[in-house]
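Asks: with the input below, show me the fold.
(2 chains)
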Amino acid sequence: MSRPISTRWTSALLLLVAACGSSSGGSVEASGPPNGQPEGPAQVRLVSPLPNGEWTLPAGDLANTRYSPLAQLTPQNVKGLKIVSTVTTGVPHGHEGNPLVVNGVMYVVTPYPNNLMALDLTKNGQLKWLFRPHPDPRSVGIACCDVVNRGASYADGKIIYSLLDGHVVAVDAEKGTEVWRATVGDINRGETLTAAALAVGDLVIVGNSGGELGVRGKVVALDVRTGHEVWRGYNTGPDNEVLIDGTTKMFYPHDQGKDLGVKTWPVDQWKLGGGTVWGWLSYDPETQTLFYSTGNPGVWNPDVRPGDNKWSCAVFARDLKTGHVKWVTQLVPHDSWDYDEINENIAIDMEWQGKMRKVLLHPGRSGFMFVIDRETGEVLSAEKFEPTNWASSWDLKKGEPVKDPTKQTKHGVVVKNICPSSTGAKEFSPSAVSPRTGMLYIPAHNTCMDYEGVDANYIEGTPYLGASVKMYPGPGGYQGELIGWDLKTQKKAWSIQEPVLPLTGGVLATGGDLVFYGTMDGWFKAVDAKTGAVMWQMRLGSGIIGNPITFLGADGKQYVAIYAGVGGWMGAVAFPDVSEDDPYAVLGVVGAMKDIKKYTGPGDALYVFSL
Amino acid sequence: MTRTCLFALVLAACQAPTKHRDTTGATAAIDVPVGPVPGPGEASQANPNPYTKNDDVAVEEGFKLFQRYNCAGCHGDHGGGGMGPSLRDVDWRYGDTDAQIYDSIAEGRGFGMPAWGTKLPEDHVWKLVAYIRSLRTAMEPDRPSIAADTEAPPNTTAGLARPQVQNPPPPEQGK
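Replies: Okay, here's the model as predicted:
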């Protein structure tokens, strides 16, 4: 709390270690049993624990655990949680992401126009300064799923984040002045930036959005000091542009071969091939590897693009310094349902079949909970966590899904009752893992769809869809579900079902064995991490699609913060600009969301809580 | 509006130090009312819409063009909204006359509505206008029915007790 985190990786690491050593209840080892013992939760080791008391990166830590060791709030005392401050951002659109807390200041990035607010936490959240970057207003119309922003990173004395119009901006954290602005995307070609930029060491990594507009997916590394581009890696196209070479080691045979990013597409289709990176980036400091996964292949009509369409819907491991690809594993070859696999890849060391393994946890939009060896790309486990029928299972040996041919979407045919819908069994909203319980907390949802491939015309800067999609609630009488997922058995330990709306907000797990999350109808809840019992809840002013964070105030007390501002893809149906009598509207989600206006309306508030 | 007023004030301020104005023969600086809606008024449209919303051939073609030019991707397959606003509802940002809708399409609008005027033949734009005007009327082609596949609305969530919802018959599952 007293010192800003240095951007130099080595010193940052030292500081992290120091912070953890001195933290309250900050043991990074699990409370589980020693290796090989069958009883108790899976043993989990954190590879890059959170700096104590602060929240300086999108997910808190580099590994994306969204676990904070803070333990003042517990299932016993959380009943006394009260609002201590609210601040409105003035932008009633989808508030995805979460604020940062650095050095007693909270930083809030708003949806377009992407203002950055610095709030002085020593003065109960009073505005310290407001930075207005004035992005190009034309970007509003080409953003597929509301004008959202998923957060910022703090590094080198700067707050660094993406603007909707394709730029990345670095702002002096003390003064609120612009230090640099870099161009990463081109809105004329349909590229927007909505994902949270991840700062690691001397670099800040950003991915692009626009998979619905024929964009070519990529990640770009910028120099934290200057904003100059250091490397870029595409997710489709020839190996030299994807940064694959002879030293890249693909685990599965069908991912091996030259220029698969070209050969698994019809001629030139990879140029419009999607595979964007609008979800989360994670990093393992021990192996210096960057992880992320890619979105849907370009054009939703699968018949336009026969082939595996690499490297869409795939997990990437890249060397941080050079961008060089270590491995890629494609989770959904020839995606025919818009199952972007952009969800978080949480890097932890975990007990798996009696041995500690270096894994990634990837709760997939495709409905499978993937556990992946992060050194090799081997999939160790892939169990379903929500109704999923497009594939009966995911074959670990062959490294591919066992697809159900009756759910294969086609040109000119309406294929019915496909589960999950294009919004996934879980959206971008990030899960959290607790080393204390050996559980992953997944904010999931349950919608199904009818899907028809239709003609697609590529017109630069307009949607390149070629599909007519209509979604509706899935089976079982619920739309959202918070799942307590046992990492040892790869099964649900408990779950909380949300009857009326999906869950598209993130989760926080704490050292006090609480799990925080919010619902689209505006309930903010604290749950016992072990049992799933709801210990506290409060209804906020708008639906919650953001991620809770926790931090220590200057007074030494633990605080929790969350945005309430409905929107995003599914939540956009809450806006007055959408008519519920077109079930195909908003890229097909209206059918599943037509009641949302009864439960919530647009909002723009930040809430801060403590005892 | 505020900006217009400000502008007028500034103008007035600039003019104040100069010679006293002759108010008797004053001619208005602009001789048509400055309305709140951008684009020309109905009267100024040189070529009126050759199609009406009752011209079912034009409306049907407009519907096809709405898909072909990817209007549907931004505004919804049946104009219900998404990246761009709903074209089915009663609210119009830029006016609901044929001429105003024509201008929205031909000239584009500031928050990301592309300008199609130089890319499409004029009659295509008019057919799109005819289609848009047909929405929610008996003339609308392939009018979507929402009732067919959705369930009764759930109860309210007021209070802490959460209602259970009845869902449609479950689709078959893989699990």
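
Asks: three-state assignment of whichever residue of chain A sits closest to chain B?
Replies: Of all residues in chain A, residue A:141 sits closest to chain B, with a separation of 1.6 Å (C-beta to the nearest C-beta). No exception for glycine: its C-beta is placed from N, CA and C like everyone else's. Three-state call for residue A:141 (DSSP: H, G, I helix; E, B strand; the rest coil): helix.

Asks: and the nearest residue to it once chain neighbours are set aside, what does it touch?
Replies: Excluding the flanking residues, the one nearest residue A:141 by C-beta to C-beta, 6 or more residues apart in numbering or on different chains is residue B:112, at 1.6 Å. With contact set as C-beta atoms under 8 Å, 6 or more residues apart in numbering or on different chains, residue B:112 has these partners: A:137-143, B:83-84.

Asks: and those, which is closest to residue A:338?
Replies: For those, the closest approach to residue A:338 (C-beta to C-beta) belongs to residue B:83, at 15.3 Å.

Asks: residues touching the closest residue to the closest one other than its chain neighbours, list them.
Replies: Once flanking residues are discounted, residue B:83 sits nearest to residue B:74: 4.2 Å by C-beta to C-beta, 6+ apart. With contact set as C-beta under 8 Å, 6+ apart, residue B:74 has these partners: A:141, A:462-463, B:82-84.

Asks: now the residue nearest to residue A:141: how far from residue A:463?
Replies: 12 Å (C-beta to C-beta, to the nearest Å).

Asks: any residues in contact with both of these two?
Replies: When contacts are counted by C-beta under 8 Å, 6+ apart, residue B:112 and residue A:463 have residue B:83 as shared neighbours.

Asks: and residue B:127, that's in a helix?
Replies: Yes: under three-state DSSP, residue B:127 falls within a helix.

Asks: enumerate every residue touching it.
Replies: With C-beta under 8 Å, 6+ apart, residue B:127 has these contacts: B:51, B:58-59, B:61-62, B:65.

Asks: make it 10 Å
Replies: With contact taken as C-beta atoms under 10 Å, 6 or more residues apart in numbering or on different chains, residue B:127 is in contact with B:49-51, B:55, B:57-66, B:120-121.

Asks: ok, the residue nearest to it when sequence neighbours are not counted - how many residues close by?
Replies: Spatial nearest neighbour of residue B:127, chain neighbours left out: residue B:62 (3.9 Å); criterion: C-beta to C-beta, 6+ apart. Residue B:62 is flanked by 25 other residues according to other C-beta atoms under 10 Å in any protein chain shown.

Asks: what's the average pLDDT for the one helix or strand the residue nearest to residue B:83 maps to?
Replies: According to DSSP states H and E, residue B:74 maps onto helix B:71-75. Averaging pLDDT along helix B:71-75 yields 96.

Asks: just checking, residue A:409 touches residue A:339?
Replies: No: Residue A:409 is not in contact with residue A:339 according to C-beta atoms under 10 Å; the separation is 11.0 Å.

Asks: quick one: common contacting residues for those two?
Replies: With C-beta under 10 Å, 6+ apart, residue A:409 and residue A:339 have common neighbours residue A:390.

Asks: mind listing what residue 108 touches?
Replies: I'll assume chain A. Contact analysis of residue A:108 by C-beta under 10 Å, 6+ apart lists A:87, A:89, A:95, A:97-100, A:115-119, A:125, A:127, A:130, A:151-152, A:561, A:563, A:606.

Asks: look at chain B instead
Replies: Contact analysis of residue B:108 by C-beta under 10 Å, 6+ apart lists A:138, A:141, B:114-117.

Asks: how near is it to residue A:163?
Replies: For residue B:108 relative to residue A:163 (C-beta to C-beta), the value is 21 Å.

Asks: hang on, the earlier thing: the residue nearest to residue B:83 and residue A:464: what is the separation?
Replies: Relative to residue A:464, and taking C-beta to C-beta, residue B:74 is found at 11 Å.

Asks: joint contacts of these two?
Replies: A:212-213.

Asks: helices along the chain, start to end?
Replies: I'll assume chain A. Along chain A, counting by DSSP state H, helices occupy A:9-22, A:139-142, A:239-242, A:260-263, A:568-571, A:590-593, A:596-599.

Asks: that was the other one, I meant chain B.
Replies: Using DSSP H, helices in chain B cover B:2-15, B:56-68, B:71-75, B:98-107, B:122-134.

Asks: show me the one of the ones you listed that comes nearest residue A:68.
Replies: Closest among those, once you apply C-beta to C-beta, is helix B:71-75, at 40.0 Å.

Asks: list the residues that contact the residue lying closest to residue A:67 once chain neighbours are set aside.
Replies: Counting by C-beta to C-beta, 6+ apart, residue A:509 is the residue found nearest to residue A:67 once chain neighbours are left out, at 4.8 Å. With contact taken as C-beta under 10 Å, 6+ apart, residue A:509 is in contact with A:65-68, A:431-437, A:439-441, A:515-517, A:527, A:529, A:548, A:550.

Asks: and residue B:53, how many neighbours?
Replies: Count around residue B:53 with other C-beta under 10 Å applied: 20.

Asks: sorry, wrong one. I was asking about residue A:403.
Replies: For residue A:403, the neighbour count with other C-beta under 10 Å is 16.

Asks: circling back: and the residue nearest to residue B:83, how close does it get to residue B:85?
Replies: 9 Å.

Asks: partner residues bridging residue A:102?
Replies: residue A:105 (DSSP bridges).

Asks: and stretch A:304-321, what's buried?
Replies: Within stretch A:304-321, the residues scored as buried using 16 or more other C-beta atoms under 10 Å in any protein chain shown are A:304-305, A:307-320.

Asks: what is the least confident helix or strand in chain B?
Replies: Sorted by mean pLDDT, DSSP states H and E, the helices and strands of chain B end with helix B:2-15, the least confident at a mean of 41.

Asks: quick one on the thing from earlier: now, which of the contacts of residue A:509 lie within strands?
Replies: Judged by DSSP state E, those include A:67-68, A:432-434, A:439-441, A:515-517, A:527, A:550 as members of strands.

Asks: now the buried members of the residues you listed.
Replies: Among the ones in strands among the contacts of residue A:509, those that count as buried by neighbour count (16+ other C-beta under 10 Å) are A:67-68, A:432-434, A:439-441, A:515-517, A:527, A:550.

Asks: pLDDT score for residue B:144?
Replies: What the model reports for residue B:144 is a pLDDT of 88.

Asks: phi first, then psi, for the residue of chain B found nearest chain A.
Replies: Closest approach between chain B and chain A, counting by C-beta to the nearest C-beta: residue B:112, at 1.6 Å. With angles defined as degrees, to the nearest 10, residue B:112 sits at phi 100, psi 10.

Asks: ok, back up a step: okay if I get the contacts of residue B:108 as CSV plus distance to residue A:268?
Replies: Below are the contacts of residue B:108 laid out as CSV (distance: C-beta to C-beta, whole Å):
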residue, distance to residue A:268
A:138, 27
A:141, 27
B:114, 23
B:115, 27
B:116, 25
B:117, 29
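
Asks: just the buried subset of those residues, please.
Replies: A:138, A:141, B:114, B:116.

Asks: quick check: the third one touching residue B:73?
Replies: No: the pair formed by residue B:114 and residue B:73 falls short of the contact definition of C-beta under 10 Å, at 11.4 Å.
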